[in-house]
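Asks: Need the 3D shape of this:
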Amino acid sequence: MEFKKIEIREIKKYYWTLKDIDFIPYSWLNEKDLKDLPKPFFLGDIHPDCPIGFKSKDKEDYTNIIKLPHIFEEIKMKKELKKDLRRIEKKNFDLRIVLNEKNALENSKKWFLELWKENKKDFDRRLKLWKESCYTISACLKKELIGVHIAKQENKTVYYFGCWWNKKYSNRSVPTFLLKKDIENAIKRKIKFYDLERGDESYKKKWGVVEKPTKYYAILSKEIADYLGIDKYVKIK
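Replies: Alright, predicted model coming up:
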């Protein structure tokens, strides 16, 4: 396990967390990990199934998991989404779809960086991790790349990491189009769950998702816990 130090300038304190937590859908701790954790320590976004951690009460920290049926049409999505998907399919009939196109992440990174302004060190780390573990689905208009969907399959679950896309084509709803294509493919591969990750974004809730509270784990002083708004934690002795 690798850790990084988070400075809290307002109270001149710090805590440690997992190095790559910002780049992966969920974190995980095992019982054997606890004795080696640096202190003070805080880790959020722990998977609901993990035996370690305290349940989050914040709705933003709840999962959005689609339980996949045998056919796409049986997903218990909202009626408005069904209508939108029909419209989006018609708008994008002319797009070419490519699985794991070479250099897809490199060729689409400008759209992510324009939006999030991530520093070079963090972005390089993100690219390295995602290239190692994720697959991509690219959307091309003739020869022009206009969107890249990013996801990861682990056992019988697909985890959605996001979509990098050209805002010039906003009217095409490329992220939703590619998400639909990936969910359809997941059903064909007999995947059981499609995980849109945590968050209260409205587009996730339209898919008829199962919401579960993620967890967090903390070994803190009262001062840091109060600053972070945490009520349950292991107090530093």
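Asks: my guess is Asp122 contacts Ile21, does it?
Replies: No: at 11.5 Å, Asp122 does not count as touching Ile21 under the criterion of C-beta atoms under 8 Å. To be clear about C-beta, it is placed using only N, CA and C from the backbone, and glycine gets the same treatment.
Asks: okay, these two: which has more neighbours?
Replies: Ile21 (15 against 12; other C-beta atoms under 10 Å).
Asks: Tell me how this protein divides into domains.
Replies: Listed domain ranges for the chain are 3-59+212-235, 65-205 (source: automatic domain parsing).
Asks: Make JSON lines from those and add mean pLDDT to it.
Replies: Below are those laid out as JSON lines (pLDDT from 0 to 100):
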{"stretch": "domain 3-59+212-235", "mean pLDDT": "96"}
{"stretch": "domain 65-205", "mean pLDDT": "97"}
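Asks: Quick check: beta-bridge partners of the nearest residue to Glu211 once chain neighbours are set aside?
Replies: Take Glu211 and drop its neighbours on the chain: the residue closest to it by C-beta to C-beta, 6 or more residues apart in numbering is Tyr62, 4.3 Å away. The residues listed as beta-bridge partners of Tyr62 by DSSP bridges are Pro213.
Asks: Can you read off the pLDDT for Tyr62?
Replies: As predicted, Tyr62 sits at a pLDDT of 97.
Asks: Check the spacing between it and Ile21 real quick.
Replies: Separation of Tyr62 from Ile21 (C-beta to C-beta, to the nearest Å): 17 Å.
Asks: One more: Lys232?
Replies: 19 Å.
Asks: Need the single longest strand in this protein, by residues.
Replies: strand 144-154 (DSSP state E).
Asks: Buried residues, stretch 125-140. List them.
Replies: 126, 130, 134-140 (16 or more other C-beta atoms under 10 Å).
Asks: so where do the strands sit in this protein?
Replies: 3-8, 13-18, 41-46, 54-55, 65-67, 95-99, 135-141, 144-154, 157-165, 193-195, 215-220, 234-235.
Asks: Tabulate the ones you listed in a markdown table, adding columns for distance to Trp116.
Replies: Listed next are these as a markdown table, based on distance: least, C-beta to C-beta, whole Å:
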| stretch | distance to Trp116 |
| --- | --- |
| strand 3-8 | 18 |
| strand 13-18 | 19 |
| strand 41-46 | 18 |
| strand 54-55 | 29 |
| strand 65-67 | 25 |
| strand 95-99 | 24 |
| strand 135-141 | 18 |
| strand 144-154 | 14 |
| strand 157-165 | 10 |
| strand 193-195 | 21 |
| strand 215-220 | 23 |
| strand 234-235 | 33 |
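Asks: Figure out which of these is closest to Leu228.
Replies: strand 41-46 (6.5 Å; C-beta to C-beta).
Asks: How far does the closest one sit from its chain's centre?
Replies: On the basis of C-alpha atoms, centre = their mean, to the nearest Å, strand 41-46 sits 15 Å off its chain's mean C-alpha point.
Asks: list the helices and strands it packs on?
Replies: strand 13-18, strand 215-220 (3 or more C-beta pairs under 8 Å, 6 or more residues apart in numbering; DSSP states H and E).
Asks: and the first one with strand 41-46, angle?
Replies: Think strand 13-18. 50 degrees (axes from the mean of the first three to the mean of the last three C-alpha atoms, to 10 degrees).
Asks: And the last one, by the same measure?
Replies: Strand 215-220 and strand 41-46 are oriented at 170 degrees to each other (the same axes, to 10 degrees).
Asks: Which residues does strand 215-220 contact?
Replies: The contact list for strand 215-220 (C-beta atoms under 8 Å, 6 or more residues apart in numbering) reads 15, 29, 37, 39-48, 50, 52-56, 61, 225, 228, 230, 232-236.
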